[in-house]
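>>> Just the structure for this:
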Amino acid sequence: RLLAGLGCAVVALLAFLPPSGSADHLNYAAYGRLTTLGHNPYETAPSALPTDPVLGAVEEWRDVTSVYGPVATAVQALASLAGGESVRLTVFVMALVNAAAFAGTALLLDRFTRGEADLRARAALLWAANPLMIYHLGAGTHVDTLAVACMVAALMARGVASGLLLGVGIGVKLNAGLVALGPAWELRR
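Predicted structure coming up:
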């Protein structure tokens, strides 16, 4: 528990610092902003409105429409509603959601492995206390963290709830659907 708690505390602290490692957070903010302005982020690229303070902040993917699912777009739109014309506030709200998803995943893994001390420590080391995960997902404020949280929850759930959670994870990012191959294999009979 100590390892998981420390990792989650570091990610929570990182939510209050500017994201690092990539500029993806600016894309997320832009897609949410497009949505709140009434545009379809799957059809409209951030470069369509270059004078907007949020859309104008996009660096690398200025001419690219959203490649994220509707669940990610909804979270990005909610962050944009809270942030308005402020890139910083929009990104901060997304960082808080990201930190909550990271911590939620750590708690799920801890609960799933609670009966075996070795597995519990291994899960904490591979997720919550893993510097690579902390840096890439925590400091980078990547939407993948939300997809992973849904997928871990889906693997722990049973029946319809598992399928719904898999669907939500795929709704965040399509490649999260690879995780669905495990439960599909289990249900093949």
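>>> can you pull the pLDDT of the closest residue to residue 138 other than its chain neighbours?
Closest residue in space to residue 138, ignoring its immediate chain neighbours: residue 11 at 3.8 Å, by C-beta to C-beta, 6 or more residues apart in numbering. Where you see a C-beta, it was placed from the backbone N, CA and C, and this is true even at glycine. Listed pLDDT for residue 11 reads 94.
>>> Roughly how far does residue 11 sit from residue 108?
15 Å (C-beta to C-beta, to the nearest Å).
>>> higher neighbour count, the two?
residue 11 (26 against 18; other C-beta atoms under 10 Å).
>>> Which helix or which strand is home to that one?
helix 2-14 (DSSP states H and E).
>>> Contacts only, for the nearest residue to residue 126 once chain neighbours are set aside.
Among residues not flanking residue 126 along the chain, residue 133 sits closest, at 7.8 Å (C-beta to C-beta, 6+ apart). Contact analysis of residue 133 by C-beta atoms under 8 Å, 6 or more residues apart in numbering lists 7, 102, 126-127.
>>> same question, residue 78
Contacts of residue 78 (C-beta under 8 Å, 6+ apart): 32, 93.
>>> helix or strand right after the helix or strand containing residue 73?
Assessed by DSSP H and E, residue 73 sits inside helix 70-83. For helix 70-83, the succeeding helix or strand toward the C-terminus, using DSSP H and E, is helix 87-112.
>>> just checking, what packs against the helix or strand just after that following helix?
Downstream of helix 87-112, the first helix or strand assigned by DSSP H and E is helix 117-126. For helix 117-126, the packing partners by 3 or more C-beta pairs under 8 Å, 6 or more residues apart in numbering; DSSP states H and E come out as helix 2-14, helix 87-112.
>>> which of the ones you listed is buried the deepest?
helix 87-112 (a mean of 21; mean count of other C-beta atoms under 10 Å).
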